[in-house]
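Undergrad: Would you be able to build a 3D model of this:
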Amino acid sequence: MEISNSVGVVTGGASGLGAGVVRMLIERGGRAAILDLDRSPGSELAAELGDAALFIPTDITDPEQVESAFGQLAERFGRVDLCVNSAGTGEGHRVVAKDGTLFPLDAYKRIVNLNLVALFDVSRRAAELMTRNEPGADDERGLIVNVASIAGYEGQVGQAAYAGSKGAVIASTLPLARDLAQWGIRVMTIAPGIMDTAMLSGVSDKLRTAVTDLSLFPRRLGRPSDFASLVGQFMENTMLNGEVVRLDAGTRLPSR
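TA: A predicted model of the protein is given here:
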């Protein structure tokens, strides 16, 4: 798939990893629809990037909003070639805390709903639009890139919901790719390590150093540009399909 003239839809695209992909697409001649919450900086990012960017305020946990967003995307750009599911959330709770408090079930459902159920809903909507595309090289019609986490392999204390949801994203990669192969649609997953995004903005220098030291090489946090570069490589290499790639500088998470 050529990046130039491609159309991408990116959930969580107003900031962090998603914004990195949006910028990469437009810098390389593509167009992008940014799906993010109304309170996000999506409108500012779209204004900065010009007519090649479209911000569609969307709560992707609401199926009606997702359906509407894809209708607006189709009306503006006519098609979608790439879908990147980078929206996600996580909060730490032990199953039973030291004071006896149970993991709030509402919190568990909220995390799984955004990280897994909403991701699937967006993927199926994107795939449906991709089936209408004229086949390109290798008869390809589209690419879906889902975002998991290395916590899906090495979940830490307090991450039962987060790691469980990301592990499910990892496990769904191959069956999704198998389901969509008949349409010429590929599915890949990225499992990022610890990335330098807004989620770490309030972290102390001491903790930043500690998490950086988990990397083998290079000894730094991942950047949105690293993530976007990998998405670009996925787009350009049609032999990549049904696989999960760790983007973590060799990091392996300890238990806590």
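Undergrad: Can you give me the neighbour number for Arg110?
TA: Using other C-beta atoms under 10 Å, Arg110 has 15 other residues around it. Any C-beta I mention is one placed from the backbone N, CA and C, and that applies to glycine too.
Undergrad: list the buried ones in the helix or strand harbouring it?
TA: If you go by DSSP states H and E, Arg110 is part of helix 105-112. Buried residues in helix 105-112, counted by 16 or more other C-beta atoms under 10 Å: Tyr108, Ile111, Val112.
Undergrad: now, among those, which is nearest to Asn133?
TA: For these, the residue nearest Asn133 by C-beta to C-beta is Val112; the value is 31.1 Å.
Undergrad: how near is the nearest residue to that closest one once chain neighbours are set aside to Met24?
TA: With sequence-adjacent residues excluded and distances taken as C-beta to C-beta, 6 or more residues apart in numbering, Val112 is closest to Ser165, at 4.8 Å. From Ser165 across to Met24, the span is 26 Å (C-beta to C-beta, to the nearest Å).
Undergrad: And these two? Which one has more around it.
TA: Just comparing Ser165 and Met24: by other C-beta under 10 Å the higher neighbour count belongs to Ser165, 26 against 22.
Undergrad: Now do the SS call for that one.
TA: Classification of Ser165 using DSSP: H, G, I helix; E, B strand; the rest coil returns helix.
Undergrad: That one and Asn115 touch, don't they?
TA: Yes. The criterion here is C-beta atoms under 8 Å, and Ser165 meets it with Asn115 at 3.7 Å.
Undergrad: quick one: low-confidence parts of the chain?
TA: By pLDDT under 70, the low-scoring segments of the chain are 201-202.
Undergrad: related to what we said a few turns ago, present the buried residues of helix 105-112 as TSV; the columns should include distance to Arg219.
TA: As requested, the buried residues of helix 105-112 are exported to TSV (distance: C-beta to C-beta, whole Å):
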residue	distance to Arg219
Tyr108	34
Ile111	30
Val112	33
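Undergrad: Of those, which is the nearest to Gly16?
TA: Of all the buried residues of helix 105-112, Ile111 has the smallest distance to Gly16: 17.2 Å, by C-beta to C-beta.
Undergrad: pretty sure that closest one is in contact with Ala168, am I right?
TA: No. Shown here, Ile111 and Ala168 do not form a contact pair, counting by C-beta under 8 Å, at 11.2 Å.
Undergrad: Can you tell me what sits against stretch 88-101?
TA: Stretch 88-101 is contacted from outside by 12, 102-104, 107-108, 110-111, 114-115, 119, 147, 149, 151, 157-162, 166, using C-beta atoms under 8 Å, 6 or more residues apart in numbering.
Undergrad: Distance from the chain centre to it, please.
TA: Remark: stretch 88-101 is offset 24 Å from the chain centroid, using C-alpha atoms, centre = their mean, to the nearest Å.
Undergrad: Determine how far the last residue of it lies from the first.
TA: One end of stretch 88-101 sits 25 Å from the other (C-alpha to C-alpha, to the nearest Å).
Undergrad: ok, back up a step: buried among the contacts of stretch 88-101? Make that a PyMOL selection.
TA: In PyMOL syntax, the buried subset of the contacts of stretch 88-101 is picked out as below (16+ other C-beta under 10 Å):
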select buried, resi 12+103+108+111+114+115+119+147+149+151+158+159+160+161+162+166
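Undergrad: picking up where we left off before, show me what the helix holding Arg110 is packed up against.
TA: helix 160-180 (3 or more C-beta pairs under 8 Å, 6 or more residues apart in numbering; DSSP states H and E).
Undergrad: which other helices and strands contact the helix it packs on?
TA: Counting by 3+ C-beta pairs under 8 Å, 6+ apart, the packing neighbours recorded for helix 160-180 are helix 105-112, helix 118-130, strand 142-147, strand 185-192, strand 243-247.
Undergrad: can we see that at 6 Å?
TA: Packing partners of helix 160-180 (3 or more C-beta pairs under 6 Å, 6 or more residues apart in numbering; DSSP states H and E): helix 105-112, strand 185-192.
Undergrad: can you tell me the helix or strand for the most far-flung residue of the chain relative to its centre?
TA: Relative to the mean C-alpha coordinate of the chain, counting by C-alpha atoms, centre = their mean, the farthest residue is Asp99 (35.1 Å). Per DSSP H and E, Asp99 falls between elements, in no helix or strand.
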